[in-house]
Each structure stands twice: as C-alpha cells, then as structure tokens.
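> Structure, please.
(chains A and B)
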There are 2 protein chains.
Amino acid sequence: MASYLKPLLSLLFSIFFFSLASPIDAELQHPLDSLSPAEFTLVQNIVNKSYPTPHHNLTFQYVGLNEPDKPLVLAWLSHPTTKLPPRQALAIIRLNKQTHEIIIDLSKRQVISDEVYEGSGYPLLTNEEQSAAIELPFTYEPFIESIKSRGLNLSDVVCSTFTVGWYGEEKSRRVLKVQCFTKKDSVNIYVRPIEGIAIVVALDEMKIVGYGDRLRATVPKAEGTEYRASVLKPPFGPKLSRVAMVQPDGPGFKINGHMISWANWEFHLAFDVRVGPIVSLASIYDLEKQEFRRVMYRGYTSELFVPYQDPSEDWFFKTFFDCGEFGFGLSAVSLEPLTDCPSNAVFLDGYYAAQDGSPTNISNVFCIFERHAGEIMWRHTESGIPNETYREVRSDVSLVVRMVSTVGNYDYILDWEFKPSGSIKLGVGLTGILEVKAVNQTHTTQIKDDEHGTLVAENSIAVSHDHFLTYYFDLDIDGTANSFVRTGLVTKHVTEPGVPRKSYWTAVTETLKTESNARIRLGREPFDFAIVNPNKKTKPGNPIGYRLIPGSVSSPVMFPDDYPQVRGAFTNYNVWVTPYNKSEKWAGGKYVDQSHGDDTLAVWSQRNRNIENKDIVLWYTLGFHHVPCQEDYPMMPTLSGGFELRPLNFFERSPVLKVLSPPPVPLPNCTRRP
Amino acid sequence: MASYLKPLLSLLFSIFFFSLASPIDAELQHPLDSLSPAEFTLVQNIVNKSYPTPHHNLTFQYVGLNEPDKPLVLAWLSHPTTKLPPRQALAIIRLNKQTHEIIIDLSKRQVISDEVYEGSGYPLLTNEEQSAAIELPFTYEPFIESIKSRGLNLSDVVCSTFTVGWYGEEKSRRVLKVQCFTKKDSVNIYVRPIEGIAIVVALDEMKIVGYGDRLRATVPKAEGTEYRASVLKPPFGPKLSRVAMVQPDGPGFKINGHMISWANWEFHLAFDVRVGPIVSLASIYDLEKQEFRRVMYRGYTSELFVPYQDPSEDWFFKTFFDCGEFGFGLSAVSLEPLTDCPSNAVFLDGYYAAQDGSPTNISNVFCIFERHAGEIMWRHTESGIPNETYREVRSDVSLVVRMVSTVGNYDYILDWEFKPSGSIKLGVGLTGILEVKAVNQTHTTQIKDDEHGTLVAENSIAVSHDHFLTYYFDLDIDGTANSFVRTGLVTKHVTEPGVPRKSYWTAVTETLKTESNARIRLGREPFDFAIVNPNKKTKPGNPIGYRLIPGSVSSPVMFPDDYPQVRGAFTNYNVWVTPYNKSEKWAGGKYVDQSHGDDTLAVWSQRNRNIENKDIVLWYTLGFHHVPCQEDYPMMPTLSGGFELRPLNFFERSPVLKVLSPPPVPLPNCTRRP
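Here you go, the predicted structure:
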C-alpha cells in the first residue's frame, strides 16, 4: 500500500491551496494551466501597447492559453522538474473591423505573430457588446413607438441578443438580432416575448441597421411564469427531507494548482472561456503495474449546436452554436453551494478576459465532489457452494467535476465523472427556461397550421429544437499511437455436428483505417467502438483499449445541404475520428458566428487521412430532440443524458478488485435513524 | 400546504412498522399485498390436505398471490374502508410427474380450482431440487472416475445446475444439466470450470439419466481468481474516503404495510418469487389539482433472457430465462447494509414458499432509500435583465427501491427510482462473475478458431452473451383507458416567402391502433413514444401522457427461427403494447423451462388486438450485448443501464416548480470541512 500512495504523497499537503486564484507567473506549475489573472493583464498590456488606438476600438473577443505543442508537453511530463515549455497566449481581437489572431509570448512579453483573419465567420461575442446592443432599442424611436403601440411600458421591456447564422449571403457584416420581452410582474422573461419586432444591430458600429415591426401576438400573461420561491405563493411541495454528507476525514481528493488527484485518478483541470472545462492528462494508477497510465491527453465540449425548428421570419435564424458564438465558459455561472453541488463539494474559480482585456473572475465556476449515490461498485453473493456462503460488496464512489453554463434561457449542467473502475462518464443536464413564441391561440383546437412547438400555456408555443453537444477526446490509451476499432456482432450458422441450435453471434473486430471509415451513425447496427493501442497487449494478448458506450442517440433531421446543417455538419455523424492536429480543436471551426461551414470537422474529415496507429482524436456527439411539454414550463425539470468511456482490456484484471469499502462513520450525536 | 399534507397524515405514524413481517390475515391491508407467512402456511396445509401423498412426491414450484381482478381492486380503492376482495393464492405444484395449477381461496380455506397443465414447458425450479441435483454426481461412479482421471480431488468439486432449453424435441422430460467446478484455493468457482463433463439429471426421478466425458481442458488456475478482501493480499486500493448520510429528521418516506409514500409519490411494493419486486398503483400527487393521480397499475421485470453465444456441445443450450426458470425473486439475496445500500436505507424482508410449501424468509430483500446523488432538479441563473440577477436552484432527491438477484454467477441490481418531477427511472446494474469456458490456450496467438468469447486469463474464455430484461408496465395514465402514440420528426421544406432556410422538422403524432402497429425496434428512426389518456386533456388541450425515454438500445442477433430466439421472441422488438389481459403476465409464458415458445408475448401479440383507448400494457426490453473484457475478471465492475418514464403533458406545469430546497443540516460537532 505504501508504494501505491507514494506518487500522491507530494500532493498531500497541497489541499489547502485549492481556494487560491490561478497561479501567477512565478507559481506556474503546469504547461496546460489556464492563463492566470496576471497573465491576462500581461496580454492586455502587450496588445494595447502594440495597437495604440482608443480602447473602445480594440476589443478582446477571445484570450486563452496557446497550448504548447504536444511533444513539448509530453517531454516536460517526463521531466517535470525542468523548465516549462514557452508560455504563450492566443488573443483574438477586433480592430478597425478586422479580426486579428495574435500570439503573445508571455515570457518574452511580446507579440510573436499577428495575422488578420480574412475568412468567413466572426469570433466569440463579448458580454459587453451584447449588453451594449440590447440598450440600443431604448433610444430608437421606431422601437419606442412599437412598444407604445402595443400598450406596453418601455420600462418593463428587456431585450436579448440572438446570433443570425448564415443563409448563403456572399458578403456579411458583423450583426446580431435583438428581440425583446416584458419583465412586468415576472422575471421569467423568456416565456413572455414581444413577438414581431425584428431589430438588427451592427456590432462594429454598435448601431441599429435594420428594423421591422411585422406582426403582433398577444404577450403571454405573467401568471404561472414566476419561478422564484420568494415570490411564489403556498402551497409549496412536495417536501423533501434534509440531509448532510459527513466526511469526517475531509474530501478524498487533492487539488494541487490545476492538478486533481483522487482514488486511482489524476488529471489537469483548466477553464476556457470558449469551451468551459478542459480535462487534460487524465491518467489512472495501475495497482499491478504500480504506475499511472495515460487515458486522455485532452477532452472538452467542443461545440454545442442548438437549431430551433420554426421556419417563420422571426425564428428561422435561431440555430445557435453556444460554444463558438456565446462561449460556454463565458456563459458559465457561479455555482450555489448545497444546491448546485452537494454539501461535500469544493469550489474553484475561473478567469477570462473582459472585452477590454482585463481579467474577470467567475467565482465557484467549478465544483468538485465525491458522489456517493448509493451505487454498487461490484458485488457477489455466493450460495452455490454447499455449506458455505460468501458475500462481498463494494459501494461505489465517483469524483464529479461540474460546471453550469447558462446561455440565455437554457442552463446546461456539464459533469465529468471519474470512477475507480476506470470509467469516465460524461453527463449533461438540460434545465432552465424554454424559448417561447407568443401566439394568439389559447387552446390547441384553435391551432390550424403547424405552430412548430407545443402550446404549453395560453398564447405560448414552446418551440421544438435540438441540442447536439460534440465532445473532443484526444484519447492517448497508454501512449499516443492508437487505432479506432469497430466490433460487429455477426450472426453465424451453427455447424457443430449434433448441435441442434441454429445460430449464434460472434464478435468481429476491425480496425478502421481512414477518416471516412470512422464516420459513424450509431444505433442502426449492433456495433461497439473502441480506441485501442495496437502496440500494447495484455498478457493474454488482447489489445489495450477504451470503449465508447453511447447513451441515447440522436441525429440531425434537417436537410444536410441546409445552411444551418452545413455549419453544423459535425453532427451528421455521432462519431468521427481524426488524426491529431493541433489546429483542429473546435468542431464548428474557429470562427463560428456567421460561419459558412467551411472550417468544420466535416470538412477536415474529407481529407480522409490515415488514422491507424496514429495519435487520434475521437469526436462524439450527444444529441437531444426536444419537443417541449407542459412540465417544461415555466421552468424545465432537468433532462439528463450522457455516455461512458470504459476500459476494455486496458487492465489485466478488474482495477477495483482490491478496493476496500470505506469504514462506517460513527456519528452518535448528530444523526437519528428510525 | 396543509391540504397537500392531509392525504399523508394517516401514514405519518406508521413509520415504525416497516420492520414487521408481511401482515398476517387479520392485518391485511391491501388486495395486492404479497402472501403473508401465515398465508403461505395456509396454502401449504390446504394443498397437502387435498393431496394426501408422501410429501416428497408433491413439490411447490410456485406459490403467490392470485391477484384479484383489476375491476375489484379499483372498486376497493374507491372505498378502501370496505372489505378486501376475495383473497386467493395460485400454487403451481408437481405431483406424480404432472404440473397442477391450483387456486386456493384463502378466506374459505379451500381449493377452488385445480387444473393439470398439459402444454409444453415446466414451472419454476425450486432451490431444493437444484440442491439435490448437484449432489447426485458425487455418488455416481463414472463422474468420480472422470474427476480422478483429471487428477482432481472430489472434495474440491462443486456442481451447478443449468436449464437445458428446447431444441425442437417433440417429447421432453423434466431435466437439468449439471456442470462442475473446482473450489480448490479459491471460492470463485465459475471461472474454474471442469470442462467436458456432461451430466443430465431427471428432476422428477432425481437421478442421473445422461452422462458424457467428452473432452478435457486445462482447469484455469486459482491465482488471480479470489475476490474476498479477507483472503487477498496487499497492496489494496484505490482507497476511498468514508462518508455518512445524516438525516436528522429521519427518512422522508413512510412505509405503511406494503404502501410506500414519499414526496409526491405513493405506491404499493410487493415481493414475488418469480419476478422480484412488483410496484403497483403508483400515483403522484398533483399540487394544483390537490389529488393523487394514477400513473401505473402494476409494473415488474417480466422476464430476463440470457443467451450465451457458444455453439459447442457443452455450451449451446445455455440460453437462460432467469425469471421463468430460476425465479428472480427466488434468486434474490439479502442486501448488506452500508454497501449494497447507503447508510440512510431502510430494509424490508420478503417471503416465498419452499419446495415443501413452508414460508421462507429472505431478510433485507429490498432496501429503500432517498438518493442524494448531487443532481440538480432544476435551476436557472438569470443575468439577462440589466441590473438584476436571480439564481434559483433546487437540488434533486429521489427515492430508490432496490433488489439484487444473484442467479448463479451473475448479480443483477434492480432499481426503481421515483423522482419528484414525476419521472420513474428503471435502472439495472450487471455485476458478479463471468461464465468462463476452460480452454488449453494461454495466449490469443494460440487461438485459431472462434472461441466465442474473450481470453480473459490463461485457459479462460469468458463467453459472449446477451442480457434482455423485459419489463411489464400496466400504465394507467390518469385512468385505465389509454392509447399508445408515436411522435415522428418529419423533415419539411421551408415554404415561407423570403425565408432562406431550406428545412426544419416538425413533430407528427400518430395513435398506433393495433398490436402490430405497436411492435417497435428502437434506434432506427427519430421516434418518440408515449402512453396517453385520449379522454383527458390539459387546459391548453394537450393529451395527458407519459413518455418512454429509452437508454442504450440492443436487439437480438440470433436468427428469429432459432429455438432459443423463438422462446425469447418477446425480445424481437424493444417495445410492444398489448391490451390488458390478466393472464398475460410473463413475457416468456407461464411455463418457461423447456418451453416451446408457444405462450410468449410475441404469440399473444399476433392476435393483433385493438389497443386504442383501452386498458393497455407497455412491454419494454432493455438489452445488453456482453463481449467480456479482462476488467470483468475475476469480478465484474457494475455495468449500468436503464430507461425513464417521464410525464408528458400529464401536469399543467412543472410539478416541481414549488419545491423548496431542504434547509441545510447544522452539524457542528460531527463533520470537518477542509
């Protein structure tokens, strides 16, 4: 046991550091650490000095770590006491209506590359420009008139921003659409839209460049839309009993800078303004081999595509890409102790660059907790041996890393769950508020045409839509050279003489050699998929690997040549595998806002590169078709989905065989059992 | 709030009764209560008196409640203070090589019907006859010789029973196959088979009627097979930190006889020797309507089909039906506090009739606990209203009812999970020990032909197989007259003038009118399925319903005309809907051992009955294809699957909108936070 604990000993005293901000330069510990506040400031200063313009003319749209080349990181990992690889930041700025990609060397404190991006699409939106855009209508006379003519008070109106997508326009300018709601008598603005007003804002000029007041629909009433407990009236219920998780020895995990270690796992956790949590260098300790073995180099939610399915003039463009347009990290919210995360959770902050480049804190952006969900890790009762009975049961515990991103109305709960058995489970919870279209109908019998959603309350159509979350997993299964294999179940005729059974199935495993072989729509045939290391075998000779266990599978239903689907073509398959390429990070491309779909995973994959025995990346899309129902109104109970990455002959035997159940906690004075 | 609590008040003081045995006659509370120990004894006495034969010639194969006709139960429910419907038991006995179906009136204390079953198939096996069968080889000379000739000690040998299936034989006798293992140096017998010896035991005569010693294979060695912590040697790990769930107010659920109430749910829980847990009369309290509304009349795991995929002479017949052959309840094990269920669990016992009819207790056969898994019931952070920020988060709690059934080597963890949002989640965990075939090979390079599984250790092929769990749900969505609807997502061309988008999808819902329409293979097309009450609509006019949300979907891969697949034809579709018929309870038929497949769900469904606006039953099959891996050896880490039944316009709005998060638990003296 001593030898097993040794690698963790150096982390043992670091537990008190977890509430520190990200390390500043002098304390940098890891080449994949997110930029620290000091580094954000450094980037801000260097860039502002390089472009001595009035500040309001230079906006930081994205600032993040320009991660070192993978060989440098791997080399450093072999000798972690040596100097870190050169530390660089990537800043994407708008300056004089142009997009610049700037790479800054943080040690040399200088810009080392500056390229003007001339292609289609625009960078991440900033919070500040969205805030500015939604203020514009309030001084815009036609809008003031539209509100007045509806009998509404301007002081009750709240507006929100909507990306416009791309519909074949040859030229575009950087615009947003703005639509508005009433907050009168309820803070649930999304279910109280003021339908029919179309406002287009040009962002570089920050002015309204298009306006229309096309139609009117009854604004849904406030009654029944409120969700704040402080405002709702009794009766409340159902009543839930209270509980505390008591861990007398404290949490079982350690946080050292951005490295987290727990049970047999260790991994690096970073926060990125675009994708949110990035898990790197996830490795699991092999008790038999007495060493940590790499499972994943880097993993994150690469893109989130949310096309609404209403073709009307005010809705057709609503085909959002939440990571590339709004920033999954930028939209992350501070987690609430005891409700967003259980009482045994520990919280971490995240930082991003504001539009002016200054470091901005999101407190409690991650929580980390041990999940004691009452699951069983493994068990067996043996009663088949006469006069002997055995029972061995191990209760399961897992480690969860959680972030919640609230992109306007929707709240996405993102969980990374690590299990001692070697499984990594990715969980997504969908909650928050529906997007509602105001209509004049109050009952389904009045609906003659397709209204593209569900009448969830009077005058309220909750519009149908999809959610496709595309994950990036640069798995490195015990090394970087990996292959992607498909195991099919093939029905065979029985040929054994004298055996009356007619058929059986056999598992036939095939290595998929190129990108085109590895585009998979799941669910049609009984196939299993895995990433294996073809260069390493277990003692009995099985290739070492990790399996993908999908959850419920959904695929796009729009035409593949429709503009939103071209931009979201990375969802055309549930699974893709590409050779590792540092620049292929975001499934929807680097510049997603108004993108033309010419820089997506689907385009990269067309090169049909070799993926056998290479450093490869697995892309997996978790999808949900959402036809809303009344239970989703006025606030959606969480709908959960997920999938699992699970060891497949990675270990010689069960990695949890020698787990001991934790001893019971004696708590004589603080609990009562019936 | 008072009015909401009123229906629960009468249950409030019943919490101390949960450790009581099932009620005896005088205490009967509910027409769906399992037979009490006194009732089992009564059945035993009445049947034995009716057939005055030597006891060993009359065996009780199944004894359970002969549930009252549904209209009687529903009538009683409307007036629960009236007399219970007549209480009857069903006993299936073997007597003089015949199967009798006997119905006993427990009030009148008499047999009211006795029919000899002349069809194909045999009833549930008893534990006692299986115990007797595995003793026979030890006095059977050819077997003793086979063991000796292998250099093994008879005292190290343990045998086990295997049902033989049916392969087209016109006539059959009631037989079992017996295969043996060595327990030398390890209690993990299933991974140490003594291959090649085939023993056939006739059960009615209880003697060996067939014997063969066909081939030899190296018995896999003991090393690496042990799983008991007390025997394993250090190092142990990974280490997990200890935790206690502290509920200072005690559990939030109440148990009154067999009725369980918690949060907004109430349901009846019974134990059955064949199917294990039966959940009846699940109803949810509607805070707006101020009444309990029925969701399900009765639900349980109807059958579990486990075909192994090795066509060789010693393995081809291994196509088990664990409910109908071995009894999912009969195979249930006593749950271990703190590991099988968390520290806040409450345990219940179950009873069944032994082979001689006497009541037999399984202690702790169920556990019931509130799951605090750190999930979020619903949440929203509102930052879109200038100068205002709101955050409302409700942590999720659910109620879990768990049973574990250990059918020989495999342990099945069966969870029923009730959520305040109205969801019922069905979870299954697969753990325990693999079935291993001994082979002479020690490395995959020595394997020339298909060995039908994975070489998980030297001389050990873990054989590939499937698990198909077929659930029975007599849903009664706010009444008994229900319909089954399919919602398809249909791609449409955009026709709106001036809208440049090309396509969108729309949800088209169709009522499936007959049984043949309602046979569904999931996963091929984007369809959603629901049971609705076409006679009741929400205020906006949506039909009241419950959705089926499948998990990972698997379908059989054997030929449909192969004998095991004919017997397991109820797995040919993932979903079936039938009109309620009291006799159609078990998807594989009443007599599954050696059945011919002439009494399965697939046969009943061929009548193609009308299912529109009828009392209907939903059958859902949850499947797993299991190609084993080394991590499954020598003990399988739990593989989990499941699915969800979720309200679909059942409520006018979210049923958890007015849930308050439970207050925090102050525990100053018994916890330490870092």
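> Where in chain A is the helix or strand with the lowest mean pLDDT?
The weakest-scoring helix or strand in chain A, judged by mean pLDDT, DSSP states H and E, is helix A:2-9 (a mean of 33).
> If you count contacts, what does the helix or strand following that one end up packed against?
Using DSSP states H and E, the helix or strand that follows helix A:2-9 in sequence is helix A:37-50. Applying 3 or more Cβ pairs under 8 Å, 6 or more residues apart in numbering or on different chains; DSSP states H and E, we find helix A:37-50 packed against strand A:58-65, strand A:88-95, strand A:98-105, strand A:110-117, strand A:346-353, strand A:359-371. Just so you know, the C-beta spots here come from the backbone N, C-alpha and C atoms, and that holds for glycine as well.
> Which strands border the fourth one, and is each parallel or antiparallel?
With DSSP bridges as the test, strand A:110-117 is paired with strand A:98-105 (antiparallel).
> Which residues does the strand it pairs with contact?
A:42-43, A:46-47, A:50, A:61, A:66, A:86-94, A:110-117, A:122-123, A:591 (Cβ atoms under 8 Å, 6 or more residues apart in numbering or on different chains).
> Could you find the closest non-adjacent residue to residue A:211?
Sequence neighbours aside, residue A:142 is the residue nearest to residue A:211 in space, at 5.3 Å (criterion: Cβ to Cβ, 6 or more residues apart in numbering or on different chains).
> And the helices in chain A?
Using DSSP state H, the helices found in chain A span residues A:2-9, A:37-50, A:70-78, A:127-135, A:141-149, A:563-567, A:601-605.
> Include mean neighbour count and distance to residue B:70 when you put those into a markdown table, please.
What follows is the helices of chain A, written out as a markdown table (neighbours: other Cβ atoms under 10 Å in any protein chain shown; distance: least, Cβ to Cβ, whole Å):
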| stretch | mean neighbour count | distance to residue B:70 |
| --- | --- | --- |
| helix A:2-9 | 13 | 59 |
| helix A:37-50 | 19 | 67 |
| helix A:70-78 | 14 | 65 |
| helix A:127-135 | 18 | 58 |
| helix A:141-149 | 15 | 58 |
| helix A:563-567 | 25 | 49 |
| helix A:601-605 | 22 | 54 |
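> want to try a markdown table for the ones you listed, with distance to residue B:184 as columns?
Compiled in a markdown table, those are given as follows (distance: least, Cβ to Cβ, whole Å):
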| stretch | distance to residue B:184 |
| --- | --- |
| helix A:2-9 | 30 |
| helix A:37-50 | 64 |
| helix A:70-78 | 46 |
| helix A:127-135 | 69 |
| helix A:141-149 | 86 |
| helix A:563-567 | 63 |
| helix A:601-605 | 55 |
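> could I get the helices and strands packed on helix A:37-50 as CSV with mean neighbour count?
Compiled in CSV, the helices and strands packed on helix A:37-50 are given as follows (neighbours: other Cβ atoms under 10 Å in any protein chain shown):
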stretch, mean neighbour count
strand A:58-65, 22
strand A:88-95, 20
strand A:98-105, 19
strand A:110-117, 13
strand A:346-353, 23
strand A:359-371, 21
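> Tell me which of those sits nearest to residue A:571.
strand A:58-65 (22.9 Å; Cβ to Cβ).
> now residue A:100: how far from chain B?
Using Cβ to the nearest Cβ, to the nearest Å, we find residue A:100 at a distance of 29 Å from chain B.
> ok, that residue to residue A:51 distance?
Going from residue A:100 to residue A:51 by Cβ to Cβ, to the nearest Å gives 8 Å.
> what's the overlap in contacts for these two?
residue A:93.
> can you tell me the residue of the stretch 351-500 of chain A closest to chain B?
residue A:444 (3.2 Å; Cβ to the nearest Cβ).
> Now do the same contact list for that residue.
Going by Cβ under 8 Å, 6+ apart, residue A:444 touches A:455, B:537, B:540-542.
> Residue A:160 now?
Per Cβ under 8 Å, 6+ apart, neighbours of residue A:160: A:134, A:178-181, A:189-190, A:408, B:384.
> Try it again at 7 Å.
Remark: with contacts taken as Cβ atoms under 7 Å, 6 or more residues apart in numbering or on different chains, residue A:160 is in contact with A:134, A:179, A:181, A:408, B:384.
> Sort out which residues of stretch A:460-471 are buried, please.
A:460-471 (16 or more other Cβ atoms under 10 Å in any protein chain shown).
> list the contacts for the residue lying closest to residue A:493 once chain neighbours are set aside?
Leaving aside its sequence neighbours, residue A:493 sits nearest to residue A:503 (Cβ to Cβ, 6+ apart; 6.3 Å). Going by Cβ under 7 Å, 6+ apart, residue A:503 touches A:491-494, B:558-559, B:562.
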